[in-house]
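Asker: Got a predicted model here, sequence first, then my questions.
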Amino acid sequence: MRIRRLLPLMLALLCWTSAVQAASADFASSSPDTPLLAPPEGPVLLTVSGDISRTNGDGVARFDRAMLEALPGRTIETHTPWHEDVGRYRGPLGEAILEAVDAHGDQARVVALNGFEAEVPVSDFRRYGVILAMKRNGKAMPIRRFGPLFVLYPFDERPELLNETIRFRSVWQVSRIEIH
Amino acid sequence: MRYYPLRLKFGVVSALLLFVAAILLVGLVAWRQDSLVWRVGGDTVWHAYKLDRDAIELRSYLALNEPSPEALEEVRLRFELLYSRLTLLRGGKIADLIGDIPGSDRLVDEIERQLQALDARLQPLDGLDEATRRALIERLGRLSQPAERLIITVNGHLAEVETQERERLQWLYGLLLALILGMSVAAMLVVTFLFREARDNAEARRALESLSRELEATARRAESASQAKSEFLATVSHEIRTPLNGVIGMSDLLVEQTLPERARHYADTIHESASRLMELINDILDFSKIEAGRLELEHRPLALSELVEGAVSLFRPHAEARGLRLESVIDPALPAHVVGDPGRLRQVLLNLLSNAVKFTDEGEVRVEVSRDGDDRLRFAVVDTGCGITAEQQARLFEPFRQGDPGTARRFGGSGLGLAISKRLVEALGGEIGIDSEPGQGSRCGFWLPLVAASAPRDEPTSASPSAGPILRDAHLLVVEDNPVNQQVALAMLTKLGCRASLASSGAEALASVARERFDLVFMDVQMPDMDGLEVTRRIRSRGGWLADMPIVAMTAGGPLGDQARCLAAGMNGYLAKPLLQASLLKVLQRHLTCQGLGAAPSHAEAEFAAPSPALDDEVVTALHESLDAEALSALVARYRQEASDHIAALVEAIEAGEAESAQRLAHQLKGESAALGAVRVAALAARLEHAARDDALAGEATTLMALRERLDEALAALDSEIAAG
């Protein structure tokens, strides 16, 4: 009984806090004077270009390893079609990167070091919690082993992802993302 | 369980089996298409190809670019990318596929060895010099050989597998097709069977329908044939009955005449034969009416003991003449009156009694009426006769069957009696049966639903049978078209002392009643110009005294004639032909007693034809019982004196025209005559009394003369009574 009586109150509180957060986020994004993105200090791992609002020079947003590690991320433990065993992958959420650059488009053209490129719908990032994996089992991934960045879908969580389309979108050796 | 033909079972079972097999096959095909080759074959070729290509590109890069630190970086990156291809070939499903392809494992190992060697060379490099570059180019060149081989091997394997798969799939598809074909055939078989069955069913139904239509038509034909037969029977019976009525009526009269011995014997024989014939015809007519469903039943209170006694007494003389005891036993627990149809009940009882008496040579015949439970009235006729076998019992109640063929020759009869009885009892809601053994006698009985009734009001039918004298001078009209029946009716009525006029058609009858006043009309129902019912309706519609005049129907329709229709038309009674004196008398007594006497004093032509009792037996018996011989003779002597005086005074009074004293004298005469049972004298006196009251004494001279004559007769009769004492 007590919980039921408290429930509306809690809901109201939740609504209020989320509304405040949304308002503050709007305020932050709508302020044009703020230096939007700090310039990278180390070697650039990822360059985001295209329809984005926050850059750190030349209309593109460059990220070094530290910047990427600072973004909200998560760990996915999963099999992939290209590995024999389960791997523990860690990296920033694709969505976090897009938010960091204030991307407006709904397609991301992901380009790899070897020239491979694939179109990934922006909605995929949110829907599946796709990360750009930087570490496998705690170790940074070298280029020869899918590094430095690997678009990773949670295959074990969502078995329906094991199909050709998603396999094609699972780009490794990522170096650039173009939002359009 | 219903029987299904093998064909259908086979069809259904094979269709099901084929269906299951097809499903399995489709599953197999789907599973086949999910095989490793299908899934990662393309990737494997792609990565092998890219490995080769990356190696070639790296080699040309090295060949084309001057050694520099940037170039070294680029070379390292490209090498990394090249190496990543190996990683792919070594991991996941692709590795599994490689493992499956013979020879490719070795090639990948070779590639790995080369790449590791390159890696070992490339790692420690600080700068890129010409020698290193050449060495690297040379090493990369060594890589391309196994890489190309790998592509070819994998491709070859894939081609082989694909061909095999295609063939296998084609085979599977073929099989699937065959299964589907088989399934279709089986389904077709089932459908064909069902269709044929449905067609057969429809045909059978049609056949059944037409059969039922035919049967219906046949039944209708049979029914109309039976109807026609019934009507024919009724018509023929009617036609036979008309002349027979003449025979019976005339012979009835003939028997009453004083005849020479031989002539009397002939007359008796004629009378008996005619009566038997009439019974037979009545039976047949009765039965045909029951069969035609035109049986109408009455439900009214009836006195049980009266009914049973009446039936028994009819047979008593006959039975006693043959030395049989005939008795009836009525359970005292039974109500005195029950509801039923007295006519039918009597008919059944008479039938059973007649059979019992007919087939019993010595011993007794007993009628038992008892109560069976709360709601059944049980009648049984028990005899000590010859009895019948069980086999005969079975067909006893069938029409036109008798115990055995000899019976008909020996005893006569139509063989319809028991069949009619059975149907009557069933119509009355009961059951009839017989219990008999040859030589042990029979017990033929029936039961009916028992409904007790309160005693009915006294009916005028209980009028004493000796009320003959009251009929004298009654003026009647006989409406009858048949000359024979006219003769019979007139002869009988005259004999009963009535004055009868004749009308031979409906129109004549209407004219007669308009002209004269009648005490009663006998109306033939079937007449050519206008039927009796219509004549009655017209008479009734005229109103006045005609509205109350008794009209009695005479029909040849047999005992089951349409009484209700007659009554509905306004008639008061009903008389079945042939006319018999007893029934005629009964009807006359009933209706004329109600009506009063001497209603038409102006037509006092006394016709004193036939002898009829001068004295009322009941009164005489009562006198005998209450007075001794002496007192009785004194009383008679006194009456002789008084009556003579009264008649003399009456003559004077009439001559003097003193109506009042004539009325008084007539009244006194009537009273004293009735007291002594001189009913005829009393009747004439009553007539004079009415005439005097109506001041119509002028035409009564003949009545006075008749009065004297009747008085003499009555006195003579009284004297002989006293003498007989």
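Answerer: In hand now; what should we look at?

Asker: just for chain A, where's the confidence low?
Answerer: A:1-36 (pLDDT under 70).

Asker: Show me how chain A divides into domains.
Answerer: Taking automatic domain parsing as the criterion, chain A consists of the domains A:1-31, A:44-179.

Asker: unless I'm mixing things up, residue B:419 is touching residue B:399, no?
Answerer: Yes: between residue B:419 and residue B:399 there is a contact at 3.9 Å, judged by C-beta atoms under 8 Å. To be clear about C-beta, it is placed using only N, CA and C from the backbone, and glycine gets the same treatment.

Asker: Out of the helices and strands in chain B, which is least certain?
Answerer: Ranked by mean pLDDT, DSSP states H and E, the weakest helix or strand in chain B is helix B:405-411, scoring a mean of 54.

Asker: just to revisit the earlier point, now the common contact residues for residue B:419 and residue B:399.
Answerer: Taking C-beta atoms under 8 Å, 6 or more residues apart in numbering or on different chains as the contact rule, residue B:419 and residue B:399 both touch residue B:287.

Asker: can you pull out the helices in chain A?
Answerer: A:2-29, A:65-70, A:94-100, A:122-128, A:164-169 (DSSP state H).

Asker: wait, is residue B:338 part of a helix?
Answerer: No: applying DSSP: H, G, I helix; E, B strand; the rest coil, one finds residue B:338 to be strand, outside a helix.

Asker: in the sheet, who's paired with it?
Answerer: Counting by DSSP bridges, residue B:338 is bridged to residue B:302, residue B:452.

Asker: and it, how many neighbours?
Answerer: 21 (other C-beta atoms under 10 Å in any protein chain shown).

Asker: cool, the one 5 residues further on as well?
Answerer: When neighbours are counted by other C-beta under 10 Å, residue B:343 registers 16.

Asker: Mind listing what's buried along the helix or strand just after the least confident helix or strand of chain B?
Answerer: Next along the chain after helix B:405-411, taking DSSP states H and E as the criterion, comes helix B:417-427. Buried residues in helix B:417-427, defined by neighbour count with 16 or more other C-beta atoms under 10 Å in any protein chain shown: B:417, B:418, B:419, B:420, B:421, B:422, B:423, B:424, B:425.

Asker: which residues touch residue B:505?
Answerer: Per C-beta under 8 Å, 6+ apart, neighbours of residue B:505: B:479, B:481, B:527, B:528, B:529, B:530.

Asker: Out of the residues you listed, flag the one nearest to chain A.
Answerer: Using C-beta to the nearest C-beta, residue B:530 comes nearest to chain A of those, at 102.5 Å.

Asker: Which secondary structure state does that closest one sit in?
Answerer: Going by three-state DSSP: residue B:530 is coil.

Asker: That one and residue B:508 touch, don't they?
Answerer: No: in this structure residue B:530 lies outside contact range of residue B:508 using C-beta under 8 Å: 10.1 Å.

Asker: Show me which of the buried residues of helix B:417-427 is closest to residue B:633.
Answerer: residue B:417 (52.9 Å; C-beta to C-beta).

Asker: what's the closest non-adjacent residue to that closest one?
Answerer: residue B:351 (4.4 Å; C-beta to C-beta, 6 or more residues apart in numbering or on different chains).

Asker: So which of the domains of chain A is the most surrounded?
Answerer: Sort the domains of chain A by mean neighbour count, taking mean count of other C-beta atoms under 10 Å in any protein chain shown, and domain A:44-179 sits at the top with a mean of 18.

Asker: how far does it sit from the chain's center?
Answerer: The chain centroid and the centroid of domain A:44-179 are separated by 6 Å under C-alpha atoms, centre = their mean, to the nearest Å.

Asker: Tell me how many other residues crowd the closest residue to chain A within the stretch 451-600 of chain B.
Answerer: When scored by C-beta to the nearest C-beta, the stretch 451-600 of chain B has residue B:451 as its residue closest to chain A, at 77.9 Å. Each residue near residue B:451 was counted by other C-beta under 10 Å, and the total is 15.

Asker: before we move on, what about residue B:533?
Answerer: Residue B:533, neighbours per other C-beta under 10 Å, totals 20.

Asker: and if you look at the one 5 residues further on?
Answerer: Number of residues near residue B:538 (other C-beta under 10 Å) recorded here: 17.

Asker: Now it: closest residue in space that isn't a chain neighbour?
Answerer: Per C-beta to C-beta, 6+ apart, closest to residue B:538 is residue B:510, 6.0 Å.

Asker: Name the SS class of residue B:296, please.
Answerer: Going by three-state DSSP: residue B:296 is coil.

Asker: quick one: contacts for residue 56?
Answerer: Since no chain was named, I'll use chain A. Residue A:56 neighbours (C-beta under 8 Å, 6+ apart): A:36, A:37, A:38, A:39, A:40, A:62.

Asker: that's the wrong chain, I wanted chain B
Answerer: Residues in contact with residue B:56 (C-beta under 8 Å, 6+ apart) are B:140, B:144.

Asker: In the stretch 601-725 of chain B, which residue sits closest to chain A?
Answerer: Counting by C-beta to the nearest C-beta, the stretch 601-725 of chain B gets nearest chain A through residue B:618, at 109.9 Å.

Asker: Could you give the number of residues near the closest residue to chain A within the stretch 201-350 of chain B?
Answerer: Taking C-beta to the nearest C-beta, chain A has its nearest neighbour within the stretch 201-350 of chain B at residue B:201, 53.2 Å off. Residue B:201 has 10 neighbouring residues, counting by other C-beta under 10 Å.

Asker: what packs against the one helix or strand it maps to?
Answerer: Following DSSP H and E, one finds residue B:201 within helix B:130-256. If contacts are counted by 3 or more C-beta pairs under 8 Å, 6 or more residues apart in numbering or on different chains; DSSP states H and E, helix B:130-256 sits against helix B:6-33, helix B:36-64, helix B:104-122, helix B:261-291, helix B:483-495.

Asker: For the closest residue to chain A within the stretch 301-450 of chain B, give me its contacts.
Answerer: The stretch 301-450 of chain B approaches chain A most closely through residue B:374 (73.7 Å), counting by C-beta to the nearest C-beta. The contact partners of residue B:374, by C-beta under 8 Å, 6+ apart, come to residue B:450.

Asker: helix, strand or coil for it?
Answerer: Under three-state DSSP, residue B:374 comes out as coil.

Asker: Also the one 4 residues further on?
Answerer: Per three-state DSSP, the local secondary structure of residue B:378 is strand.

Asker: next one: the one 3 residues further on
Answerer: When the structure is reduced to helix, strand and coil (three-state DSSP), residue B:381 reads as strand.

Asker: Tell me the spacing between it and residue B:326.
Answerer: Remark: distance between residue B:381 and residue B:326 (C-beta to C-beta, to the nearest Å) = 10 Å.

Asker: and the closest residue to residue A:106 other than its chain neighbours, what is it in contact with?
Answerer: Nearest non-adjacent residue to residue A:106, counting by C-beta to C-beta, 6+ apart: residue A:122, 4.8 Å away. Applying C-beta under 8 Å, 6+ apart to residue A:122 gives the contacts A:98, A:103, A:105, A:106, A:107, A:108, A:179.

Asker: And residue A:122, how far from residue B:688?
Answerer: From residue A:122 to residue B:688 the distance is 143 Å (C-beta to C-beta).
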